[in-house]
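*Asks:* I'd like to go over a predicted model; first the sequence, then the structure.
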Amino acid sequence: MDGDTLYVIDDHAVLAIPSLCGLESLPHVLDELTDLVRAGKLCFPDQIVRDCAKWATGETIHTWIKAVSGHRQLKKLPSRWQEEVLGLCEDLCDYDDDNEQSPVLVAAMALMISRDAPDVSISVVTEDRSNLPTRMCLNDACQELGLVSMTARDFLSETKASRHLN
C-alpha cells in the first residue's frame, strides 16, 4: 500500500468486504482495516455507519464499522463540500430518496481532502458503479470530480488484508 494514499469508503464497499474474504478470514481483514482507520488512512462519513445499520444490523461488518467510527481522524464534513459536489455533479443525488445521501457525502469528503491536502493521494472505494434511473453512480461522479475510484477488491488488494482475499 502506498504510504501517502488515503481511502474514503462508501457503504456499498463496506458491505462487500465479507464476501470478498469469507467469514473465517473476516476478523483478520477487519483488524487490518481497523489499523488503517486508526492511522488516518481509511475514513468515511457518519452516514456510512447509518447506512450499514440499515442493511447489516447485527452482522459483524456493521458491528465493526460502528466500533471503528470513533477512531476516525477525520469526522467533520462541512456542508460547503456537499454543495460543491452537487454543483459539479448534480445528478449524484436523488433528491426524492433520503437513503441516497451517502454518495454525495463520500464524494464531498474525498474532494475536501484532495483540496486540503493536495500532496495526499485519495482513492474512493465504492461498489456503486452503475447509474440508476434516479441518480448517477459514485464511480462516474468521481471521474467528473477528478477523483480516483476503485472497487473494494482493488482496495483490499493494496492492503495487508490482501492475503485473506478469496
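*Replies:* Right, received. Where do you want to start? What you see is a predicted model; the values in this text were computed from it and never measured. Residues are numbered from 1 along each chain as shown.

*Asks:* from the chain's centre, how far out does the helix or strand bottoming out on mean pLDDT in the chain sit?
*Replies:* In the chain, no helix or strand scores lower on mean pLDDT, DSSP states H and E than helix 46-56, which sits at a mean of 91. Helix 46-56 sits 12 Å away from the centroid of its parent chain (C-alpha atoms, centre = their mean, to the nearest Å).

*Asks:* And the contacts of that helix?
*Replies:* 9-11, 14-15, 61-62, 65-66, 69, 75, 99, 101-102, 105-106 (C-beta atoms under 8 Å, 6 or more residues apart in numbering). In short, each C-beta sits where N, CA and C put it, glycine included.

*Asks:* Any of those buried? List them.
*Replies:* Taking 16 or more other C-beta atoms under 10 Å as the criterion, what is buried in those is 9-11, 14-15, 61-62, 65, 69, 101-102, 105-106.

*Asks:* Quick check: of the residues you listed, which lies closest to Ser162?
*Replies:* The closest of those to Ser162 turns out to be Ile9 (C-beta to C-beta; 15.9 Å).

*Asks:* So what sits opposite the residue nearest to that closest one when sequence neighbours are not counted in the bridge?
*Replies:* Excluding the flanking residues, the one nearest Ile9 by C-beta to C-beta, 6 or more residues apart in numbering is Val125, at 4.2 Å. Taking DSSP bridges, one finds Ile9, Met150 as the beta-bridge partners of Val125.
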